[in-house]
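> dropping a prediction and its sequence here:
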Amino acid sequence: QVQLVESGGGLVQAGGSLKLSCAASGRTFSSSAMGWFRQAPGKERDFVAAIYWGTSTRYADSVKGRFTISRDNAKDTAYLRMNNMKPEDTAVYYCAATTTFSSAPDFYARAASYDYWGQGTQVTVSS
């Protein structure tokens with residue numbers, strides 16, 4: 001079992017930055033792949049970023065070059081650093097974890113691949 005708690009959301013102006021944290025409890029964090037997803041009102045939950053196979057990372061095209069996913073296994077915490085934010089980044093951000101291994105990188109970009117989810121944190125970017 002892994003429990004996830006996100007923090008760090010809030011209101012930021014376009015061009016600004018935020019850093020989200022995802023604190024995990026449980027003994028499997030270091031062996032889990034971590035993902036960040038987001039859901040805007042009336043839209044589906046979309047992939048944002050993932051860190052898997054230890055240090056491999058993958059990003060949605062819409063955030064590539066602006067967002068950075070990282071993890072600190074000593075603190076059982078994953079992070080999402082968001083720079084140069086845009087109004088279209090406004091959404092509820094969720095972190096997720098999976099202990100399932102896949103040799104296909106695309107696996108970690110799918111919401112259905114993740115077993116554990118946090119409650120979400122609101123991010124609002126004003127223009």
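Everything's here; your move.
> switch to C-alpha atoms for all contacts and neighbour counts from now on
Will do.
> where exactly do the strands run in the chain?
3-7, 10-13, 18-25, 33-39, 46-52, 56-59, 67-72, 77-82, 91-98, 116-117, 121-126 (DSSP state E).
> adding mean pLDDT, mean neighbour count and distance to residue 110, write these out as TSV.
What follows is these, written out as TSV (pLDDT from 0 to 100; neighbours: other CA atoms under 10 Å; distance: least, CA to CA, whole Å):
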stretch	mean pLDDT	mean neighbour count	distance to residue 110
strand 3-7	96	20	18
strand 10-13	98	15	25
strand 18-25	97	20	18
strand 33-39	97	25	9
strand 46-52	97	23	7
strand 56-59	97	17	11
strand 67-72	97	19	16
strand 77-82	98	21	17
strand 91-98	97	25	11
strand 116-117	96	18	13
strand 121-126	98	19	20
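> which among those is found nearest to residue 104?
Closest approach to residue 104 among the strands of the chain (CA to CA): strand 46-52, 10.6 Å.
> contacts for the closest one next, please.
Strand 46-52 is touched from outside by 32-39, 57-60, 63, 68-71, 108-111, with contacts defined as CA atoms under 8 Å, 6 or more residues apart in numbering.
> next: stretch 82-96.
Applying CA under 8 Å, 6+ apart, the contact partners of stretch 82-96 are 4, 6, 13-20, 22, 34-41, 66-68, 114-127.
> report the central residue of this protein.
The chain has residue 36 as the residue nearest its centroid, 1.8 Å off, counting by CA atoms, centre = their mean.
> can you put the strands of the chain in JSON lines and add distance to residue 104?
Below are the strands of the chain laid out as JSON lines (distance: least, CA to CA, whole Å):
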{"stretch": "strand 3-7", "distance to residue 104": "24"}
{"stretch": "strand 10-13", "distance to residue 104": "34"}
{"stretch": "strand 18-25", "distance to residue 104": "24"}
{"stretch": "strand 33-39", "distance to residue 104": "13"}
{"stretch": "strand 46-52", "distance to residue 104": "11"}
{"stretch": "strand 56-59", "distance to residue 104": "12"}
{"stretch": "strand 67-72", "distance to residue 104": "19"}
{"stretch": "strand 77-82", "distance to residue 104": "21"}
{"stretch": "strand 91-98", "distance to residue 104": "14"}
{"stretch": "strand 116-117", "distance to residue 104": "20"}
{"stretch": "strand 121-126", "distance to residue 104": "29"}
